[in-house]
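Asks: Provided below are the primary sequence and the corresponding predicted coordinates.
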Amino acid sequence: MKRKDLTVVSLKLLEDKKINQIYFRFREIISSFIGKEKFAIAVSGGSDSLALSILAKLYSLENDNNFVALIIDHKLRKDSANEAKQTYKNLTQNKIKAKILTYRGEKFSSNIQKKARDLRYDLFKNYCAKNKIKFLILAHHQDDLIENFYIRLIRGSGIKGLTSLQNIFEYNKNFYLLRPLLNFTKETLLYVTKKSYSSWIEDPSNKNDKFLRVRIRKMQSKLQKEGFDPKRIIKTIDNLNTAKDSLEFYVFKSEKKYLKFYKEGYATLKFSIFNNEAQEVIFRVIIKAIHFVSGEYYPPRSDSLKNLMKNLSKKTFKSSTLGGCLVEKDKSIISFYREDRNIISETLNKTKQRKNWDDRFLVYNNFNNKEQFVVKKLGDQGIEYLRKNKFNDYENKIPPHAKKTLPSFWNNKGELLFVPFLNFKNRKYNIKNDSFVASYLRFI
């Protein structure tokens, strides 16, 4: 690292032998993924993510990366806005570029932790898509890895669930989640934070026994006395990862042979996979189909997936819904469509504005017009609009269920302007093939 590129604060940090060792371990992990590309980090304001911010800052200074720290104001607690502002202040005092992303939807009354986690990822993904950021770095560490293992063990998870926290996760070919701190303990990261910040946010939910993760955390000392040593748990997770990697080799081969994705956002699976492959391989191929078609980050629970597999093998099975997907069987083909519900509309305010729509399509507006546009599912409303306007190509080879969930662009007058995959252009306007663009994230 060139000393002239570093701030005084950074130099003082690296003069600390322990921080120097921590940073070089961090750099070794992250450099193979990011190199000199721009990236974002998720910062809650807690000690873990503030440690990440310092390590990311050191890396960016050495490699000349642009990066931004993303803070979520989730509005779920009355103090969330003040906490976000305090975190912003902490970061900017260390000369770290920061951005507060604010949730403006309805409040949650149930399943709060899951819904809060989902909304955070939605805000992160949309910001990164809009700003062409390919990598988001998260501050999950070794203690989180162990807690996650216990939670999944309690739920009866298989290999995939027990090893669900990975150093890198390909959400799609345009967006990756990185977790370079999984080999670091919370205590190690706290050392970095204490050397860099005078204060940080303590999330009160981390002490609330209402949540399973908190109860497991409090049981750790008792479990260690019974032989559940953290080092042994990590060794078990490493062994499971080795087994998982071997299994993924066969999953990849089966995916290429039996599973097909379509640019319109649906997938088909040859039923012959049930006659030729092991149950665990089939299980994982179906998870991949559901993941890419639904746009959901987390797969359905394993029990639900196993029930689907059992039902698919029955001659009487026709259709079912799972994980945001409609699953249909017709003779030798199983089809996966995005379920026609909970598909939100998005506003495109500016020319060239990009958005990650429904976690399936990257959409943007090239139309040279100051008017506000809306992208939403084509749905029954759009299909009826095509009929009324005598558009003859709407009955094409795209299956009806897939057609309903296609992105479509509308103006504020309620006029359908453009449907990319049907090649529909409203003749009242000077719309070209590239005026509005929608690309299936699977193929980007």
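Replies: Structure's in. What do you need? Numbers count the residues shown, from 1 in each chain.

Asks: Please parse this structure into its domains.
Replies: Per automatic domain parsing, the structural domains of the chain span 3-228, 250-338, 346-443.

Asks: right, and those domains - which one's nearest Lys244?
Replies: domain 3-228 (4.9 Å; C-beta to C-beta). Heads up, the C-betas are built off the backbone N, CA and C, glycines and all.

Asks: about what we covered before: can you list the domains of the chain in a markdown table and add distance to Asp238, mean pLDDT and mean neighbour count?
Replies: Formatted as a markdown table, the domains of the chain follow (distance: least, C-beta to C-beta, whole Å; pLDDT from 0 to 100; neighbours: other C-beta atoms under 10 Å):
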| stretch | distance to Asp238 | mean pLDDT | mean neighbour count |
| --- | --- | --- | --- |
| domain 3-228 | 9 | 87 | 17 |
| domain 250-338 | 20 | 93 | 17 |
| domain 346-443 | 30 | 84 | 17 |
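
Asks: CSV for those, including distance to Thr236?
Replies: Formatted as CSV, those follow (distance: least, C-beta to C-beta, whole Å):
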stretch, distance to Thr236
domain 3-228, 8
domain 250-338, 19
domain 346-443, 32
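
Asks: between these, which gets nearest to Ala243?
Replies: Short answer: domain 3-228, nearest of the domains of the chain by C-beta to C-beta, at 6.0 Å.

Asks: Check the offset of that closest one from the chain's centre.
Replies: Its chain's C-alpha centre and that of domain 3-228 lie 14 Å apart, by C-alpha atoms, centre = their mean, to the nearest Å.

Asks: Residue numbering should commence at 13 henceforth.
Replies: Understood, numbering begins at 13; the last thing we discussed is domain 15-240.

Asks: Checking Lys275 next. Helix, strand or coil?
Replies: coil (DSSP: H, G, I helix; E, B strand; the rest coil).

Asks: any idea how far the nearest residue to it once chain neighbours are set aside lies from Glu159?
Replies: Once flanking residues are discounted, Lys275 sits nearest to Tyr452: 4.9 Å by C-beta to C-beta, 6 or more residues apart in numbering. Tyr452 sits 35 Å away from Glu159, taking C-beta to C-beta, to the nearest Å as the criterion.

Asks: Go through the domains of the chain and name the closest to Asn251.
Replies: Short answer: domain 15-240, nearest of the domains of the chain by C-beta to C-beta, at 9.7 Å.

Asks: Spell out, range by range, the helices that occur in the stretch 63-212 of the chain.
Replies: In the stretch 63-212 of the chain, the helices defined using DSSP state H, counting those that start in this stretch lie at 92-105, 124-142, 154-166, 171-174, 198-208.

Asks: And the helices in the stretch 313-456 of the chain?
Replies: Applying DSSP H, counting those that start in this stretch to the stretch 313-456 of the chain gives helices spanning 314-324, 391-400, 412-416.
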